[in-house]
Each structure stands twice: as C-alpha cells, then as structure tokens.
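Peer 1: Pasting the sequence and the predicted coordinates here, then a few questions.
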Protein chains: 2
Amino acid sequence: MKRFFFTPGPSQLYFTVEEHLKSALTENVPSISHRSAAFQEIYRHTTDLLKELFRLPAGYHIFFTGSATEIWERSIQNLVEYESCHFVNGAFSQRYAGIAENLGRKTSVIRVSEGKVVDVESVLITESCELIALTQNETSTGASHALGDVEKIRKGFPNQLISLDIVSCAPYSNIDYSLVDMAYLSVQKCFGLPAGLGVWIANERCIQKSETLLGKGMSIGSYHSLPELLAKSQKNQTPETPNVLGIYLLGKVAEDMLAKGLDMIRREIDYKAAVLYNAFEKSEFLSPFVKDPAHQSKTTLVAEVAVPSRVILNKLAEKGMIIGSGYGPFKERHIRIANFPTHSKEQVEVLADELLMIGK
Amino acid sequence: MKRFFFTPGPSQLYFTVEEHLKSALTENVPSISHRSAAFQEIYRHTTDLLKELFRLPAGYHIFFTGSATEIWERSIQNLVEYESCHFVNGAFSQRYAGIAENLGRKTSVIRVSEGKVVDVESVLITESCELIALTQNETSTGASHALGDVEKIRKGFPNQLISLDIVSCAPYSNIDYSLVDMAYLSVQKCFGLPAGLGVWIANERCIQKSETLLGKGMSIGSYHSLPELLAKSQKNQTPETPNVLGIYLLGKVAEDMLAKGLDMIRREIDYKAAVLYNAFEKSEFLSPFVKDPAHQSKTTLVAEVAVPSRVILNKLAEKGMIIGSGYGPFKERHIRIANFPTHSKEQVEVLADELLMIGK
C-alpha cells in the first residue's frame, strides 16, 4: 500500500523531490567536486533562492550544517561568552538550553508549561544575557508565537542577539528577519527533503560577536565557526565536503516554492489547518492541545487524545496515512500532524474525514 | 556525453547506488521518523555490516557524523585534554592538527615533506601526548603508510590513543583495527556514496577518555560527544535527526561489497593501480609523485605532470573522463586519480590508454 507521511519531520517528500533526484543523478551532482565551479553554482543558486524566499535583508548570510541540532551548538559556541536566555515551552526549546549548559554557559530559562508560549510583554531579561533564544513554533507541542512577538522582544532588548527557531514553520511563517540576528531550520520539515542538512541564517552582528570571542582567545570551534563558514561562503563553498545533494535539492525546492508563490502556499496551509482543527474540535476523541487559538500552530498540529495515540496511529496507518505520536512524555496522550507545503488540500481533507470516523 | 568520475572524492557513485536510491524512495526511507523501529532497523543493518566489513573487534563502536572533518573536531574535543601528536605529510593530516589548535590544544607535529610518510621507527613522542594522529592514506598527495606501521606505533606507544585516518582507503586497506583506538572515513570516497556522512569507529578506551574529561568539568561538546553518541547508538539511534538516506545507502553498499568479497575488491584495486602506475612510468608527461613504491597509494594515485594539469584534465574530459587536479599548491603540477571499488578494470584500462595518448 502506498503510504503518505503527515509526520512532523522527517515527513512526506516535497512532491517535486523525486524528479529533482533524477536530474541530480543525470547531472552527476553526487560526483562533482565541492571545490568545482559546478558546485559553486549550486551553492550560489540555493543561497540566492533562499534569500529571495525569506526576503533576507542585506548583510544576512546563509550557512549549511549537518542538522539544526548542530546550529544549537555552533550558535552558543560562536555567540555566547557567558550567558544565554531561553524561552522554554517544550522539548526542543529545552534542548537548546541544555546544549548551552553542556558547553559550560550559564543559562537563564523563562519557562511556561507545554502548550503555552511565554508572554513576551512580561519578560525580564538581564543585561548580562547575550543571546535570547525564541522558538517560533515548538514542534513537540504545536505552540506557536504570534508574529508580533519577535518585534516586541527586539524592541525590549536591542542589545541582545535574538536566535529564532524556525525549524518547523519556515517558510510558512512570514518572519521579518531584520528583527532577529539569526534563525535556523532543518530541511526535513516544511521543505520536504531528506534529513541531513541544517540551514543557518546569521547577520553581521553574529559575525562580529564570533570574531570578538575569538579575539578574546575563546574557542569558537573550528571548521564550522562563523568566520570559517563566512570565508568559504564568500567563495560559494563550505569548509568541509558538505551534503552536496541536499544543497542541490534545497535550491530546487526553493525554486518550486517561489514559482508557486509563498502567498498561495500560506493560504493553502491556513485552509488545511482550519480543516484539521475543525476535526479536532468535532471529534469526541480529540481536542487541540494548545487551547489559545492565537497560539495554535498551523504547520504542526497537536491534539490530545482520549484513547492511547497508537490506536489512532494504527487506524490511520491501515489507510496508508502516517501521523506522529506525541513527543516524549506525551507519546501516548497526543497525536501530531504535519501540515507542510507538500501536503495537499485533498489529502488533508481525507485525513480529517478519517479522524472524524474514529470510534464510528 | 556520459561522464565518469575518477576524482578522489566525491567520486563516481558505487555502481549499485542508483538502484538503492530507487528502493529507498519506494520504502519511504526519507520520510520515516528517526525514532521509529524502521529507522532502528536501518541503523542496526548498516552498523552490523560495517562491523563485519571492517572485522571490528568486540568493544568497537560505529557512530555517524556529518563529515570526516567533524570527526577531526569531535575526536580532539572528546579525547585530548592538553596535547595531541600529528604525523603530517600533506594538507589533510595538517588540517587535523590545525583543528586541534583551533580548539586550544597543544600539538606536536612530526612532519615530512609531501609525497613521503613519517618513518615510524624513528619517531619520538613524549608521554604528555594523549593522542597520535596517523593518516593511512594522505588523499592530497597519494602517500600511503605500510600496513605494518600502525603496529609499530601501537607497540612503541601503548599508552596513547591512536587515531587513524582511513578516509580514502577503507575498506581497501586491510587494517587490524585492534591496533588503533579510533578510525574514521567519509562515504564519498571508496564507498561511492553522496557526501554528507562521516563514519567514526571508536573503542572503549575512547569512551572512557571522554568520560574522564567530562568528569573533570571539561566541555566535550554536546549532542555529538562520545557519551551521547554511545547512549543513542545503544538504541540504534542518533542524537540528532541524521542523514537517514545516507545511512541506508551505506548499509546497502556495505552489503554489496560483502557479497562481492573484499578479497576480490582488493585484488581488482591492486590490478588497476598497477595499470595506472605503469602508465605514469611510461608516459613522458607523467611520473609518480610518491617515489617509493612501498608508499604509493593504491586508491588515490598522484602523478607529477610536465604540462599544466588542466591540459590533461581537459583532454580527458573531452572523452568523458573526469580526474582530479593536484591539491592546494600542487593544483597545476599534479593530477590525482581515484581507484575506488566502483571503478572497473575496463574503465581504468581505457583511462590508462588515454593517459599514454597525451601529446601524441
């Protein structure tokens, strides 16, 4: 049976990926040298299109890593001398703080319970804090910040660097990147690509901070420090032999998304989210985990379930629809459904119908 | 025109990879969760087959990173408190030492000129040195250690950890892994896979050393520290969302290589190397860069050229054969030819004929 993945990453491949993989093989993309002009052209194409897709302001760079997890580590290494501040409302925002602690940094954590987001109006952050880590969309719980929250944090704390997790909401969320200093994602979520590539957006303030730390004699890592990434990116290269195929495919999918238009992609995601939340509300077995509609994620939807999640997962799997269980302690008590650009309206409507059939 | 890559990594894909990519898509490998039983089975399959291929002794673990470059950094972070010792005879062995310095470690470097290897009988290494870094096959110059050299180092320095670079010679080189504490490779060389995955072999002594450093309050990194890699590997998982497709393909190619037999693969590589070195000797435009036949690499063959390397590269490219230029300062003065398991005897014979036709 053909299966279709609504899992919140890795997820269903973007519907053009298989075709692009064929082209990649025809063009010998996996065999070309990462120091060749052919690679430089792939690098330039992908970063140019991402900059266009995200409407990055001048002075914002794009770097590639092995994963978003790696960007957690590299950003702390390069941008934090003593202390970072983390808004924590789930497993992934917590892990970023944990990595900062692994690296010997002091962390101040502003915590709210899962399913909620920190009220940005009320937060107090000390001047000693060098970086504020905010998760636009917490993949583990489906709690999403309002778009205006980043602007409030920026205005309240102009001296801090702001690091924004856009792992499971870019390019859906219409972020004004001039308000943050760095942001990051991994390609197996909304971009619908095979895992193994992280994308790090960083501005000149980040570069300067890393150079300041280096100048003080701190270790900011080696091949993936910001200065090394920057030096190579200026030649459309990477410090190591990278995931060339992943960078190629990302450029191709970014091109497809630009051709389709982000407005259209966003409207479709809004529509599909409405269909699914409507099913959550109507089903006697489901209810949205995030109670405040303003904070309900449009891209990773989480429902509390009245029966063990595996009952629902198994029932949907019989129909070829693979959804996610809850994350960590919520494994049995939640289901998680990805609503990414590759998931069509028709497929989501069928999924919503099946959710409403549960128990009938 | 169909092109065939003899570049020393990335190189021609292993001849079965395209077929395995198709299977991966049919089996939804890029979409499955990295926390699922399906992924655990892929992880187990790949690591089991690599252990069989390398005949790893008990107590040797296999971990995955984004690149071999990452393993340079992680190994220093996890295994060296103060000082590492590096045998340097080219750009890659030099880079390992450079990364140790980036991380604030003292390095002692035993250097010989490019094209030579350190005479292991003569080396003196102080007891303060914690890790000895040896490059079995220096990809930048094609200088290769005799297989017995590792044993001599092991006997001479039983207290140090030995880190062996097998990037461009595994699984061709018949290494006795019980003589080293760690070894590493990247999959775009002899395994003929798309780049973006490093393989780290490490024994219990390495795990213990990393735990000792952690116990002393040192930072050994975060998600890719040896204790974190080990904890996840015991569940057939990785700390981050890894290059799932790369891990799957590596297992499939390892299976293919075991089915063919390493003896056969080694005999073919020996034969093809003899054909190519014979062409180097006979051509008036070429001569082996490594003068001592005992140290001439069988997998990455380097020739000095009497004309600028691009003349030869262009001439071969007209016939669809892509070879490598010299590395770094040798760019114009050398050519480099990969002789990996995927390069057939027939293709190498044609390449050798074309090399002999140059100038005629």
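Peer 2: Received the coordinates, thanks.
Peer 1: For residue A:349, give me its contacts.
Peer 2: When contacts are counted by CB atoms under 8 Å, 6 or more residues apart in numbering or on different chains, residue A:349 is found next to residue A:275. Yep, even glycine has a C-beta here, placed from its N, CA and C like the rest.
Peer 1: Please apply the same query to the one 5 residues further on.
Peer 2: For residue A:354, the residues meeting the contact criterion (CB under 8 Å, 6+ apart) are A:315-316, A:319, A:321.
Peer 1: Return the member of the residues you listed nearest to chain B.
Peer 2: For the contacts of residue A:354, the residue nearest chain B by CB to the nearest CB is residue A:321; the value is 12.2 Å.
Peer 1: Let me know whether that closest one touches residue A:351 as I believe.
Peer 2: Yes - with contacts defined as CB atoms under 8 Å, residue A:321 counts as touching residue A:351 at a distance of 5.6 Å.
Peer 1: Comparing those two, which residue is more hemmed in?
Peer 2: residue A:351 (23 against 19; other CB atoms under 10 Å in any protein chain shown).
Peer 1: Buried residues in the helix or strand harbouring the more buried one, which are they?
Peer 2: Following DSSP states H and E, one finds residue A:351 within helix A:345-357. Neighbour counts using 16 or more other CB atoms under 10 Å in any protein chain shown place A:348, A:351-352, A:354-356 of helix A:345-357 among the buried residues.
Peer 1: For the helix ranked longest in chain A, the averaged confidence score.
Peer 2: With secondary structure taken from DSSP state H, chain A has its longest helix at helix A:262-282. For helix A:262-282, mean pLDDT is 98.
Peer 1: Alpha carbons only: can I get that helix in CSV?
Peer 2: C-alpha atoms of helix A:262-282 as CSV (Å, rounded to 0.1, in the frame of the first residue of the first chain):
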residue,chain,number,x,y,z
LEU,A,262,4.5,31.9,-0.9
ASP,A,263,1.1,33.6,-0.7
MET,A,264,-0.5,30.6,-2.2
ILE,A,265,1.4,28.2,0.0
ARG,A,266,0.4,30.2,3.1
ARG,A,267,-3.3,30.3,2.1
GLU,A,268,-3.3,26.6,1.5
ILE,A,269,-1.7,25.9,4.9
ASP,A,270,-4.2,28.2,6.6
TYR,A,271,-7.1,26.3,4.9
LYS,A,272,-5.7,22.9,5.7
ALA,A,273,-5.0,23.9,9.3
ALA,A,274,-8.7,25.1,9.6
VAL,A,275,-9.9,21.7,8.3
LEU,A,276,-7.8,19.8,10.8
TYR,A,277,-8.6,21.9,13.9
ASN,A,278,-12.2,21.7,12.9
ALA,A,279,-11.9,17.9,13.0
PHE,A,280,-10.1,18.1,16.4
GLU,A,281,-13.0,20.2,17.8
LYS,A,282,-15.7,18.0,16.3
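Peer 1: list the helices and strands the following helix or strand past it packs on?
Peer 2: Reading on from helix A:262-282 to the C-terminus, the next helix or strand found by DSSP H and E is strand A:286-288. Applying 3 or more CB pairs under 8 Å, 6 or more residues apart in numbering or on different chains; DSSP states H and E, we find strand A:286-288 packed against helix A:262-282, strand A:300-305.
Peer 1: Run through who's touching strand A:286-288.
Peer 2: The contact list for strand A:286-288 (CB under 8 Å, 6+ apart) reads A:277, A:279-281, A:296, A:301-306, A:335, A:355, A:358.
Peer 1: Given it, what are its sheet partners and their directions?
Peer 2: Partner strands for strand A:286-288, per DSSP bridges, with pairing direction: strand A:300-305 (antiparallel).
Peer 1: What is the subsequent helix or strand relative to the strand it pairs with?
Peer 2: Tracing the chain C-terminally past strand A:300-305 and defining elements by DSSP H and E, one meets helix A:309-318 next.
Peer 1: wait, does that next one contact chain B?
Peer 2: No - using CB under 8 Å from any CB of the partner chain as the criterion, no contacts between helix A:309-318 and chain B are found, and the smallest distance is 11.0 Å.
Peer 1: List the buried residues for that helix?
Peer 2: Within helix A:309-318, the residues that count as buried by 16+ other CB under 10 Å are A:309, A:311-313, A:315-316.
Peer 1: With stretch A:139-149 instead?
Peer 2: Buried residues in stretch A:139-149, counted by 16+ other CB under 10 Å: A:139-145, A:149.
Peer 1: Need the distance between the two termini of that stretch.
Peer 2: Its first and final residues considered, stretch A:139-149 spans 18 Å by CA to CA, to the nearest Å.
Peer 1: Now the helix or strand encompassing residue A:96 - C-alpha only, CSV.
Peer 2: Element membership for residue A:96, per DSSP H and E: helix A:91-102. Written as CSV, here are the backbone C-alpha positions of helix A:91-102 (Å, rounded to 0.1, in the frame of the first residue of the first chain):
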residue,chain,number,x,y,z
ALA,A,91,11.3,19.6,24.4
PHE,A,92,13.1,21.4,21.6
SER,A,93,13.4,24.8,23.3
GLN,A,94,14.6,22.9,26.4
ARG,A,95,17.3,21.1,24.4
TYR,A,96,18.8,24.3,23.1
ALA,A,97,19.3,25.5,26.8
GLY,A,98,20.7,22.0,27.6
ILE,A,99,23.3,22.4,24.9
ALA,A,100,24.3,25.8,26.2
GLU,A,101,24.8,24.2,29.6
ASN,A,102,26.8,21.3,28.0
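Peer 1: how far does it sit from the chain's center?
Peer 2: Using CA atoms, centre = their mean, to the nearest Å, the mean C-alpha position of helix A:91-102 is found 15 Å from that of the whole chain.
Peer 1: ok, then the element right after that helix?
Peer 2: If you walk from helix A:91-102 toward the C-terminus, the next helix or strand you reach (DSSP H and E) is strand A:106-111.
Peer 1: Listing partners with orientation, what would you give for the very next helix or strand once past that next one?
Peer 2: Taking DSSP H and E as the definition, the helix or strand that follows strand A:106-111 towards the C-terminus is strand A:131-135. When pairs are called by DSSP bridges, strand A:131-135 turns out to pair with strand A:83-88 (parallel), strand A:161-165 (parallel).
Peer 1: Strand A:131-135 vs helix A:91-102, what angle?
Peer 2: Using axes from the mean of the first three to the mean of the last three CA atoms, to 10 degrees, the direction of strand A:131-135 lies 160 degrees away from that of helix A:91-102.
Peer 1: For stretch A:102-110, which residues meet the burial criterion?
Peer 2: When burial is assessed from 16+ other CB under 10 Å, stretch A:102-110 yields the following buried residues: A:102-103, A:105, A:107, A:110.
Peer 1: quick one: which of these is nearest residue B:98?
Peer 2: The shortest distance between residue B:98 and any of these, using CB to CB, involves residue A:103 and amounts to 21.3 Å.
Peer 1: Was I right to think the closest one contacts residue B:219?
Peer 2: Yes - shown here, residue A:103 and residue B:219 form a contact pair, counting by CB under 8 Å, at 5.3 Å.
Peer 1: In space, not sequence, find me the middle residue of chain A.
Peer 2: For chain A, the residue sitting closest to the mean C-alpha position, by CA atoms, centre = their mean, is residue A:167 at 0.6 Å.
Peer 1: ok, that one touching residue A:184?
Peer 2: Yes - shown here, residue A:167 and residue A:184 form a contact pair, counting by CB under 8 Å, at 6.9 Å.
Peer 1: still on that earlier bit, list only those of the contacts of strand A:286-288 flagged as buried.
Peer 2: Among these, those buried by neighbour count (16+ other CB under 10 Å) are A:277, A:279-280, A:296, A:301-305, A:335, A:355, A:358.
Peer 1: Any idea which residue of the stretch 1-150 of chain A lies closest to chain B?
Peer 2: Of the stretch 1-150 of chain A, the residue with the smallest distance to chain B, taken as CB to the nearest CB, is residue A:66 at 2.8 Å.
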